[in-house]
Structures are given as structure tokens and as C-alpha cells.
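K.L.:
Okay, sequence plus prediction incoming.
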Amino acid sequence: MTGKPTTPLLAADGLMRDSEGRVLLIRRKNFPFEGSWALPGGFVDIGEDPRDACVREMKEETGLTVAVERLGGLYGRPDRDPRGHTVSAVYLCRVLEGEAAGGDDAAEARWFSAEELKTLELAFDHREILDELLEKLPVR
């Protein structure tokens, strides 16, 4: 194969709840959606398992060590990312250790209650993802 890839890029995002039922989001530091809240995550590197990418991205963007419990869903609407067609594997995770703090591409990491989540404008299609997956994610 030569030239530019003709398939979508692959990202891995993590969805986590704490013992109070709050959801962890990051404030994006860079384009696209700079300054908006989003699920923590990022692109899968060549040769990397998507689950490992999720664990890596969680550590880089939130400072937390997490365990992937299961795949929550795949999201790949072609217009979901202005940089190009991207498919995201969203994993349901649990925190093993650490305190949430923004890092890498995240200006901030913060836990949000269900009420707070309703008022936020989220990046990409993350509102739709939360609406679909939150009921599947136990409180930890």
C-alpha cells in the first residue's frame, strides 16, 4: 500500500465513574474543540492494542492508572472529528490509583456530577456517547 491511508483513524477513549457517580472529563488543550470538555483519550499508535492505548491515554491526560473493564461501544460517524474520519473505541474503565489532574493534551481533568454534565457542551460526539453509555457504567 502506498500513499495516504484510505481507512479511518482509530482512537481509544475512556469512560469512568467514581464512588459518587461522577464522570471524569478533560478540558481539551488543542484543536479541535480547544477549551471544550471531552472524554479522555487519543489516537492508537501503530502496533498498539487499542486497550493499551486507552490505558496510556488515561495516564497521560488524567494522571490516573486505570483498568479497562470492557468495550462500551464504537463510534465512527464520518463527521464526528473535523480532522477527518475517526473511529473511537470507548472503553468502560475503573480507576486503580492516582488523583485526576490534566496532562499532555488536557488542560484540566475534573469529575462531574450527572447534574453538571447536563449543562456542558461537549467536544466531538461525546454527548451522544455519554447518553448511551452512562447507564451501562456502574458507580465505583
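P.N.:
That came through fine.
K.L.:
Quick one: low-confidence residue ranges for this protein.
P.N.:
Residues of the chain that meet the criterion pLDDT under 70 lie in 1-2, 5, 138, 140.
K.L.:
Please enumerate the helices of it.
P.N.:
50-62, 114-119, 126-133 (DSSP state H).
K.L.:
If you count neighbours, what's buried in the shortest one?
P.N.:
In this case it means helix 114-119. residue 117 (16 or more other Cβ atoms under 10 Å). Placement of C-beta: from N, CA and C, glycine included.
K.L.:
who's in contact with it?
P.N.:
By Cβ atoms under 8 Å, 6 or more residues apart in numbering, the residues outside helix 114-119 that reach it are 21, 22, 23, 130, 134.
K.L.:
just the strands in the protein please.
P.N.:
Applying DSSP state E to the chain gives strands spanning 9-15, 23-28, 37-38, 41-43, 65-75, 86-97, 106-112.
K.L.:
Nearest to residue 126, out of those?
P.N.:
Proximity to residue 126, assessed across the strands of the chain by Cβ to Cβ, is greatest for strand 37-38 (5.3 Å).
K.L.:
What's the local residue count around the closest residue to residue 133 other than its chain neighbours?
P.N.:
Counting by Cβ to Cβ, 6 or more residues apart in numbering, residue 72 is the residue found nearest to residue 133 once chain neighbours are left out, at 4.6 Å. Using other Cβ atoms under 10 Å, residue 72 has 21 neighbouring residues.
K.L.:
is it true that residue 72 touches residue 17?
P.N.:
No. Here residue 72 does not reach residue 17: they are 11.8 Å apart, not a contact under Cβ atoms under 8 Å.
K.L.:
contact partners of stretch 129-140?
P.N.:
Contacts for stretch 129-140 (Cβ under 8 Å, 6+ apart): 13, 15-21, 23, 39, 72-73, 75, 90, 92, 94-95, 114, 117, 122.
K.L.:
which of the residues in that stretch are buried?
P.N.:
For stretch 129-140, by 16+ other Cβ under 10 Å, it's 129, 130, 133, 137.
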